[in-house]
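> Fold the following for me, if possible:
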Amino acid sequence: MSIQFLAKQPILDKASEVIGYELLYRDSEENAFPPGLTDEQASARMFYETALFHGINNVTEQRKAFVNLCDKSVLKQLPNLIPRENLIVEIVERSLIDNETIEAIADLHQQGYVFALDDYDFDEKWAGLASYVSYVKFDIPEDNALIAPTVARIKATFPNVKLVAERIETKIQADFAFECGVDYLQGYYFARPVIMKFNNIDPSKTVAMELVSCLTQGLLDFDKVSKILSRDISLTARVIKLANVSLAFRNLNISSINKAVVYLGEDTMRKFISVVAVTKLASDKPDEIVLLGLRRALFIQNLPTLIGQKPTPTGFLVGLLSVLDAILDCTIEDVIEKLQLQEKMANSMLHYEGQYGCALELVKHVEKAEWKEVTLLLKNKFPDQSFDIDGLYVDVYKEARDLLS
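Have a look, this model is predicted:
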């Protein structure tokens, strides 16, 4: 794990209520933007290392999050990585605003994403975004006499936006800004940016985390999985090799990650991602943690077969995810938030609810040789069924070893 730093500064309304925070990338406890870092690098690290894995709503306490993005990050559709709820995408003033950028912003706007202009400077390039911008942020003029004409000039181009005046340093500035029609204020008068520290996933593991997240979203999106895999050369090579091994008897060869993923199909890719991605996440942990997850996964998956039912892939996933808290050094609640798990799966892990929750509780008792609890649980949940729990656990113990080898 690595330490991730983030600063946040509140944005307030006329009633002095915090309506949101601007999130600012930092790489140390020094409260300043890291020298030598580009807007694109800062945007990517903010999203991948902080917003994606810690949850923007957690950072902002369920308030709006104003996050800076440059044109390159918008073109890469970076906002799609996180839920649009409470997210305000700030387009930084150094961005190149051409037709391609405007189209990308229009597409994201159509999807429900909200945009703001940061450090608005009256450049004509911003006019093309008038239909897609909900907030305009600008530095408050030092001369109070210039505040009213500045507000009027912005409103002439963006008549329907909310205005956020930045760099408010005195009560006189704050009062005058509100009198002139400004909606929200931000600045040292209210609070300096506050540094926050997180235990974070090493950048080399973000691909693995994104792949695990794909498993929780219902049917696999092969195109999305292929794009994620393509960012990791070793995983790409392994998937293509796996596909070609399967095709050897047909004398065919695949060289495309997209074709390899489609050929291998849903079941094989789920098993591959489950084992390989979690193993990659746990590269700095003892092998026993991964083996524990695999044993749980196989146990929950295969438990229904003891009464003549089919194995459950969802059960496999629940078992595997149940050890992510130990792998990521966080709570199980954090895992649920990071992966945006559906309520049913979340409750199975938190409260042992439903079929998978019952099986998870059962396998945990088996692990600790708590046979009295095993007997009571089976009697309460399956009064008319007979289970060879010992035999099942012996089988999954060996199979987990085979999967990891």
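
> As a check, name the ranges of all strands in the stretch 201-350 of the chain.
For the stretch 201-350 of the chain, applying DSSP state E, counting those that start in this stretch gives no strands.

> biggest helix in this protein, by residue count?
Ordering each helix of the chain by length in residues (DSSP state H) puts helix 257-281 first.

> what's that one packed up against?
If you count contacts as 3 or more CB pairs under 8 Å, 6 or more residues apart in numbering; DSSP states H and E, helix 257-281 packs onto helix 206-215, helix 222-229, helix 233-247, helix 287-302, helix 313-321, helix 324-328, helix 389-404. C-beta here means a position set from N, CA and C on the backbone, and glycine is covered the same way.

> Could you figure out how far the third one is turned away from helix 206-215?
Going by axes from the mean of the first three to the mean of the last three CA atoms, to 10 degrees, helix 233-247 is angled at 50 degrees with respect to helix 206-215.

> and Ile168, that's in a helix?
No: per DSSP: H, G, I helix; E, B strand; the rest coil, Ile168 lies outside any helix segment and is coil.

> Run a quick neighbour tally on it.
Using other CB atoms under 10 Å, Ile168 has 22 neighbouring residues.

> If I look at it, what pLDDT would I see?
On the pLDDT scale, Ile168 is placed at 97.

> can you tell me how far the closest residue to it other than its chain neighbours sits from Gly181?
Nearest non-adjacent residue to Ile168, counting by CB to CB, 6 or more residues apart in numbering: Gly187, 3.2 Å away. Look at Gly187 and Gly181: by CB to CB, to the nearest Å, they are 17 Å apart.

> of these two, who's got more company?
Remark: of Gly187 and Gly181, Gly187 carries more neighbours, 22 against 13, as counted by other CB under 10 Å.

> show me what contacts Gln363?
Gln isn't right for residue 363; it's Val. When contacts are counted by CB atoms under 8 Å, 6 or more residues apart in numbering, Val363 touches Arg295, Arg296, Phe299, Ile300, Gly319, Tyr393.

> mind checking which helix or strand it is in?
Per DSSP states H and E: Val363 is located in helix 354-367.

> Could you do Lys14 as well?
Assigned by DSSP H and E, Lys14 belongs to no helix or strand.

> wait, Met349 sits on Gly319?
No: contact criterion CB atoms under 8 Å: Met349 and Gly319 do not qualify, at 9.8 Å.

> Kindly point out which residues are neighbours of both of these two.
Leu360.

> Of those two, which one has the most company?
Remark: of Met349 and Gly319, Gly319 carries more neighbours, 27 against 22, as counted by other CB under 10 Å.

> Tell me how far that one lies from Arg192.
Separation of Gly319 from Arg192 (CB to CB): 46 Å.

> quick one on the thing from earlier: report all helices and strands that the helix or strand just after the helix holding Val363 contacts.
For helix 354-367, the succeeding helix or strand toward the C-terminus, using DSSP H and E, is helix 371-381. Helix 371-381 sits against helix 354-367, with contacts defined as 3+ CB pairs under 8 Å, 6+ apart.

> Can you mark which positions in the helix holding Val363 are buried?
Gln355, Tyr356, Gly357, Cys358, Ala359, Leu360, Glu361, Leu362, Val363, Lys364, His365, Val366 (16 or more other CB atoms under 10 Å).

> Dump those residues to TSV, plus distance to Val133 and pLDDT.
Output for the buried residues of helix 354-367, formatted as TSV (distance: CB to CB, whole Å; pLDDT from 0 to 100):
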residue	distance to Val133	pLDDT
Gln355	48	91
Tyr356	45	93
Gly357	45	94
Cys358	50	94
Ala359	50	94
Leu360	47	96
Glu361	50	95
Leu362	54	95
Val363	52	94
Lys364	51	95
His365	56	94
Val366	57	93
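
> Just give me the closest of those residues to Arg84.
Closest to Arg84 out of the buried residues of helix 354-367 is Tyr356 (29.2 Å), distances taken as CB to CB.

> Tell me if I'm right that that closest one and Ser348 touch.
Yes: counting by CB under 8 Å, Ser348 is a contact partner of Tyr356 at 4.2 Å.

> joint contacts of those two?
Counting by CB under 8 Å, 6+ apart, the residues touching both Tyr356 and Ser348 are Val318.

> List phi and psi for Ser16.
Dihedral pair for Ser16: phi 60, psi 20, per degrees, to the nearest 10.

> Doesn't Ala106 lie inside a helix?
Yes: under three-state DSSP, Ala106 falls within a helix.

> Relative to Gly128, how far out is it?
According to CB to CB, Ala106 and Gly128 sit 10 Å apart.

> now swap in Asp384 and tell me
Distance from Asp384 to Gly128, by CB to CB: 68 Å.

> So between those two, which is more surrounded?
Neighbours per residue, other CB under 10 Å: of Asp384 and Gly128, the larger number sits with Gly128, 15 against 5.

> burial measure for Glu166, as a count.
By the criterion of other CB under 10 Å, Glu166 has 18 neighbours.

> scratch that, Val318 is what I was asking about
For Val318, the neighbour count with other CB under 10 Å is 26.
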